[in-house]
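Q: I need the structure of the sequence given here:
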Amino acid sequence: MHTRCFQRTAVLMMWAVVCIPVQVLAANAEGEAKKSGGYMEVFIKAALQQVAKQVAGGSVHYLRLKSCQDPVYRQGVIRRVVDVVGPKLHTKDPDALALTVERNTVEALQCSAFSAAELRAPAAPPSEPLRPPSPPAPPSASAPSAPPAARAMAPTDWIDAALNGALSGDLEAAERAVLRLEALPKPVRPVDRAWSRALNDQGLSRFRANRLDEATELFRQAADADGGNEEAVNNFGYALLMRGQLAEGAQKLVTTLTLAPRRASAWINLGYFFGQTGQEDGAVAANILSYRYSRAPNVALASLVRSAQDPGLTPASRNASRRAVERITGRPLEAGR
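A: Model prediction:
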């Protein structure tokens, strides 16, 4: 909910012209699927093709190999397939759908078709050519943490990996990190989520009326009522940033990205945090990811152009917006544009 925030995070992104859009593929296949009884199989195949184009440059073989090597990666792929297939099947039982999609996806991946030599190939770790400082994690009373090689990757590690990928131009590495975030366990959500949504709506109303303290409290209550409400958690984090509580706000944004790593507004809010704290590289990376996952990329790009010229922002924020625009467009941003 940034003042320059973008529309909600895209579940699907624009593909290359040579790629067949999954909507067209699925629509053409629907008639055949109904005739043959292979309704689920056809849509699973279409969804896997789309995910492969997104994370592996169109290589279904790569997607299958990685999924067979790495159960966590496979769960991320399955979660993406559920996102694609679920709305087309109009099910009233999402848990049953998830189980069905998982079974069919595992069968479609056909891990047994790979040779032992292929499956022994090492899984690629997250690319870290550069490492923007991550938002501060909640303090721990435990002993000093083990080095990264000796401990499991935490959500902040995968957020760093996504930022590093964006900063270095390796968007495939960023996408792998996002898949890892999507595969992380999510909080149990209440059956009745209406109260959390209502509190969040009230908070938005107060925020638009410049009643920041009231808005922040309402967002906090909404997030407490439903820890899986990524919109409320994101809004709570941004409101904290606006109050100058940068560390607390950043922690809420990390939580938001753990819940919904494709939420564009969470990335742009994280970019605002980096800009406010003088971490320009981190802001550049977050801005690029906010554009990548925006449902309206033209609007997102225009917002970054305005931010690059906004005197109310810090120099780091303005420079980060300019650099992000130049990275996205491939040309210098003209002054006064």
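Q: which residues does Leu270 contact?
A: For Leu270, the contact set (CB atoms under 8 Å, 6 or more residues apart in numbering) comprises Pro135, Ala250, Leu253, Leu257, Gly282, Ala286. Where you see a C-beta, it was placed from the backbone N, CA and C, and this is true even at glycine.
Q: secondary structure element for it?
A: Assigned by DSSP states H and E, Leu270 belongs to helix 264-276.
Q: which element follows that helix toward the C-terminus?
A: Next along from helix 264-276, by DSSP H and E: helix 280-292.
Q: for that next one, packing partners?
A: Here helix 280-292 touches helix 155-168, helix 171-183, helix 264-276, helix 297-308, helix 315-329, going by 3 or more CB pairs under 8 Å, 6 or more residues apart in numbering; DSSP states H and E.
Q: let me know which of those helices is tucked in deepest.
A: helix 264-276 (a mean of 28; mean count of other CB atoms under 10 Å).
Q: alpha carbons only: can I get that one in CSV?
A: Once non-C-alpha atoms are left out, helix 264-276 reads as follows in CSV (Å, rounded to 0.1, in the frame of the first residue of the first chain):
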residue,chain,number,x,y,z
ALA,A,264,4.7,-6.3,-6.1
SER,A,265,3.7,-3.8,-3.5
ALA,A,266,5.7,-5.6,-0.8
TRP,A,267,8.8,-5.4,-3.0
ILE,A,268,8.3,-1.7,-3.6
ASN,A,269,7.8,-1.1,0.1
LEU,A,270,10.9,-3.0,0.8
GLY,A,271,12.7,-0.8,-1.8
TYR,A,272,11.4,2.2,0.2
PHE,A,273,13.0,0.8,3.4
PHE,A,274,16.3,0.3,1.6
GLY,A,275,16.2,3.8,0.2
GLN,A,276,15.4,5.3,3.5
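Q: tell me the angle it makes with helix 297-308.
A: 20 degrees (axes from the mean of the first three to the mean of the last three CA atoms, to 10 degrees).
Q: so what's Ala324 up against?
A: Contacts of Ala324 by CB under 8 Å, 6+ apart are Ala283, Val284, Asn287, Ile288, Tyr291, Leu304.
Q: the same query, at a cut-off of 7 Å, please.
A: The contact partners of Ala324, by CB atoms under 7 Å, 6 or more residues apart in numbering, come to Val284, Asn287, Ile288, Tyr291, Leu304.
Q: for Gly271, see how far away it is.
A: 8 Å (CB to CB, to the nearest Å).
Q: for this structure, which spans come out with low pLDDT?
A: The chain contains residues with pLDDT under 70 at 1-41, 53-63, 69-72, 86-98, 110-152, 335-337.
Q: show me it divided up by domain.
A: 22-119, 194-329 (automatic domain parsing).
Q: of all the ones you listed, which one is nearest Ala154?
A: Of all the domains of the chain, domain 194-329 sits nearest to Ala154, with 9.6 Å by CB to CB.
Q: measure the closest one end to end?
A: Domain 194-329 has an end-to-end distance of 41 Å (CA to CA, to the nearest Å).
Q: rewinding a little: so which of the contacts of Ala324 is the closest to Leu241?
A: Closest to Leu241, out of all of these and judged by CB to CB, is Asn287, at 15.4 Å.
Q: that closest one is in contact with Asn269, isn't it?
A: No: assessed by CB atoms under 7 Å, Asn287 is found out of contact with Asn269, at 10.9 Å.
Q: C-alpha coordinates for stretch 225-245, CSV please?
A: Output in CSV follows, covering the C-alpha atoms of stretch 225-245 (Å, rounded to 0.1, in the frame of the first residue of the first chain):
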residue,chain,number,x,y,z
ALA,A,225,-6.7,-11.7,13.3
ASP,A,226,-5.3,-13.5,10.2
GLY,A,227,-1.6,-14.1,10.0
GLY,A,228,-2.0,-15.3,6.4
ASN,A,229,-3.6,-12.0,5.2
GLU,A,230,-0.7,-10.8,3.2
GLU,A,231,-2.4,-7.5,2.3
ALA,A,232,-2.9,-6.6,6.0
VAL,A,233,0.6,-7.6,6.9
ASN,A,234,2.0,-5.6,4.0
ASN,A,235,-0.1,-2.5,4.9
PHE,A,236,1.0,-2.8,8.6
GLY,A,237,4.6,-2.9,7.5
TYR,A,238,4.3,0.1,5.3
ALA,A,239,2.4,2.1,7.9
LEU,A,240,5.2,1.4,10.4
LEU,A,241,7.7,2.7,7.8
MET,A,242,5.6,5.9,7.5
ARG,A,243,5.8,6.3,11.3
GLY,A,244,9.6,6.0,11.1
GLN,A,245,9.6,2.6,12.7
